[in-house]
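K.L.:
Quick one: sequence and predicted model below, then my questions.
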Amino acid sequence: MPDKRPPSTAAGSIGRTLLKTLVTVAVSVLLITLLREGLSLLPALDRVTGLHGGAAVLQVLAADGNASQQQMIAAGLMILCFLLAIVLVRCGERLLDRSR
């Protein structure tokens, strides 16, 4: 089925899709970075609060030293960050479309 939109609209659609893709990747990288930094702050948080919640989280993520489980956990966290980035970009797109 041929595209019946004018060429300028089709080009705008491709440009918008490219922009959304780049923003989604950038937000994913930002979320992964924030997650990594947040995890590095857990021991300090435990020292301040006197609790051991951060150590428990890190112990679960360490997967008892099993490299394949650690890789699966890391991949799952990256996928989670990417899915969250998609949701954030879509919400941002809707907000921008409403304001126009």
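P.N.:
Everything's here; your move.
K.L.:
Summarise which helices and strands the helix or strand hosting V27 is packed against.
P.N.:
Assigned by DSSP states H and E, V27 belongs to helix 7-40. Counting contacts by 3 or more Cβ pairs under 8 Å, 6 or more residues apart in numbering; DSSP states H and E, helix 7-40 is packed against helix 53-62, helix 67-99. C-beta here means a position set from N, CA and C on the backbone, and glycine is covered the same way.
K.L.:
Buried residues, it. List them.
P.N.:
T24, V27, S28, L31, I32 (16 or more other Cβ atoms under 10 Å).
K.L.:
these two touch, right, the third one and F82?
P.N.:
What that stands for is S28. Yes - using Cβ atoms under 8 Å, S28 is in contact with F82, at 4.6 Å.
K.L.:
circling back: how many degrees apart are the helix holding V27 and helix 53-62 in direction?
P.N.:
120 degrees (axes from the mean of the first three to the mean of the last three Cα atoms, to 10 degrees).
K.L.:
Make 32 the starting number, not 1.
P.N.:
Understood, numbering begins at 32; the last thing we discussed is helix 38-71.
K.L.:
Next secondary structure element downstream of helix 38-71?
P.N.:
helix 73-80.
K.L.:
and that next one, C-alpha only, in CSV?
P.N.:
Coordinates of each C-alpha in helix 73-80 appear next as CSV, following Å, rounded to 0.1, in the frame of the first residue of the first chain:
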residue,chain,number,x,y,z
LEU,A,73,24.8,1.5,48.6
PRO,A,74,27.8,0.6,50.9
ALA,A,75,28.0,4.3,52.0
LEU,A,76,24.3,4.3,52.6
ASP,A,77,24.6,1.2,54.8
ARG,A,78,27.3,2.9,56.8
VAL,A,79,25.2,6.0,57.3
THR,A,80,22.0,4.2,58.2
